[in-house]
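A.B. asks: Pasting the sequence and the predicted model now:
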Amino acid sequence: MTKPLTPVRPMGMEIVFLYPCPHCAREVTLIAPTRPTMAQCDACRKNFPIVPVDDRTLRYFKIMLNNGKAAIDPDFL
């Protein structure tokens, strides 16, 4: 018999952004793109350029949330 697993706390975080595909309007999920690049829609497979996000803002969120550790639900503990 195995004992129940203790819930695991986050050890890091990533911020995702949703970009609408200009060809088919599907939301394309990208993990914090900080440089201008081309994204590919997973539905229609067409490429399109994206506007990058500000790296300073991403660092701010990560610092304020202690890289995800401060975001856990205190009522769960």
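C.D. replies: Right, received. Where do you want to start?

A.B. asks: burial measure for Lys46, as a count.
C.D. replies: 12 (other Cβ atoms under 10 Å). All C-beta spots, glycine's among them, are computed from the backbone N, C-alpha and C.

A.B. asks: tell me the contacts of the residue lying closest to it once chain neighbours are set aside?
C.D. replies: Nearest residue to Lys46 in three dimensions, chain neighbours excluded: His23, at 4.5 Å (Cβ to Cβ, 6 or more residues apart in numbering). If a contact means Cβ atoms under 8 Å, 6 or more residues apart in numbering, then His23 has Cys41, Cys44, Lys46, Phe48 as its contacts.

A.B. asks: Low-confidence ranges, this protein, go.
C.D. replies: 77 (pLDDT under 70).

A.B. asks: those helices in it, which residues are they?
C.D. replies: Under the criterion DSSP state H, the chain contains helices at 55-64.

A.B. asks: Which stretches in this structure count as strands?
C.D. replies: 16-20, 27-31, 37-40, 47-50 (DSSP state E).

A.B. asks: re earlier: any idea how far the residue nearest to Lys46 is from Arg45?
C.D. replies: Distance from His23 to Arg45, counting by Cβ to Cβ, to the nearest Å: 9 Å.

A.B. asks: returning to what we had before: could you identify the pair within the contacts of His23 that is furthest apart?
C.D. replies: Spatially, the most separated pair among the contacts of His23 is Cys44 and Phe48, at 9.9 Å (Cβ to Cβ).

A.B. asks: picking that back up, including mean neighbour count and distance to Thr2, could the strands of the chain go into TSV?
C.D. replies: Below are those laid out as TSV (neighbours: other Cβ atoms under 10 Å; distance: least, Cβ to Cβ, whole Å):
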stretch	mean neighbour count	distance to Thr2
strand 16-20	13	34
strand 27-31	12	34
strand 37-40	12	42
strand 47-50	14	45
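
A.B. asks: Nearest to Pro4, out of those?
C.D. replies: strand 16-20 (30.5 Å).

A.B. asks: quick one: strands adjacent to that closest one?
C.D. replies: Sheet pairing of strand 16-20 (DSSP bridges) gives strand 27-31 (antiparallel).
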